[in-house]
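Q: let me see the structure of the following:
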Amino acid sequence: MKPLRYLFHMIPALWSFLADTVFRNLPREENRLHYLFGKANAYDQADLLDRAIGIYQEILKKDPHSIPVFMNLGGLYFRRGLFQSAIPSYEKVVRLNPKHYQGHYWLAVCYWKLGRYYAAINTLEEVIEFLPTFKDALNLMGDCYEKVGEGAKAEHYYLKAINADPDGRVIHGGILNGSMGEKRREERIRH
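A: Down below sits the predicted model:
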């Protein structure tokens with residue numbers, strides 16, 4: 001069944017390859033790179049993790065500093081709940097580009113998923129330093145502080161997330177309604 005799913009998901013990659021070759025007239029190496037990303041994505045969609053990783057490793061042989069490859073590798077592991085395996089990919093992203101807010105954010109989410117709340121807080125501080133209105137980072141920071149029992153700091157970051165949210169909605173834990181001792185519920189807060 002997985003090979004059939006792979007073939008199904010390869011159709012857009014092949015179409016894109018054809019379009020890049022015929023209509024966009026891209027350089028050969030750039031066209032090949034787009035094709036490899038499409039192929040890795042098809043393997044990922046078909047749940048053929050080892051093959052997708054192999055494609056990304058092939059790309060890294062030519063470009064060992066490819067941030068998109070490291071982000072995609074981290075995503076492969078993350079989507080499968082392999083958070084510890086995702087961490088090295090996201091760490092490489094932030095080493096290559098210390099201001100890559102998505103790399104920092106997903107690294108923090110991995111730490112959060114593993115219950116390493118102080119590591120997540122340290123990582124989120126870096127994100128918030130250069131992107132102070134990143135509502136997802138602010139919200140996650142609030143959740144981390146809630147998990148370690150620092151309610152005042154949690155509330156501070158939840159409120160900052162609410163203020164930074166252009167739609168006026170942020171999902172967060174129960175700190176603002178006083179249910180910290182109860183089972184955690186998610187609810188929408190409007191301002």
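
Q: any figure for the gap between Glu58 and Arg51?
A: Separation of Glu58 from Arg51 (CB to CB, to the nearest Å) stands at 11 Å. In this view, the C-beta of every residue, glycine as well, is placed from N, C-alpha and C.

Q: give the rounded mean pLDDT of the helix or strand that contains Asn139.
A: Element membership for Asn139 (DSSP states H and E) is helix 135-147. Here helix 135-147 scores 95 as its mean pLDDT.

Q: in it, what counts as buried?
A: In terms of neighbour count (16 or more other CB atoms under 10 Å), helix 135-147 has its buried residues at 135-147.

Q: same check, this time on stretch 83-103
A: Neighbour count says stretch 83-103 has 83, 85-87, 89-94, 100-103 buried, by 16+ other CB under 10 Å.

Q: for that stretch, give the mean pLDDT please.
A: 96.

Q: give the contact list for the most centrally placed residue in the chain.
A: Geometric centre of the chain, nearest residue: Trp106, 4.2 Å, by CA atoms, centre = their mean. Counting by CB atoms under 8 Å, 6 or more residues apart in numbering, Trp106 touches Met71, Gly74, Gly75, Phe78, Ala86, Tyr90.

Q: so what's the residue count around the residue nearest to Asp63 when sequence neighbours are not counted?
A: Using CB to CB, 6 or more residues apart in numbering and skipping the chain neighbours, the partner closest in space to Asp63 is Val69 (7.4 Å). Neighbours of Val69 under the rule other CB atoms under 10 Å: 24.
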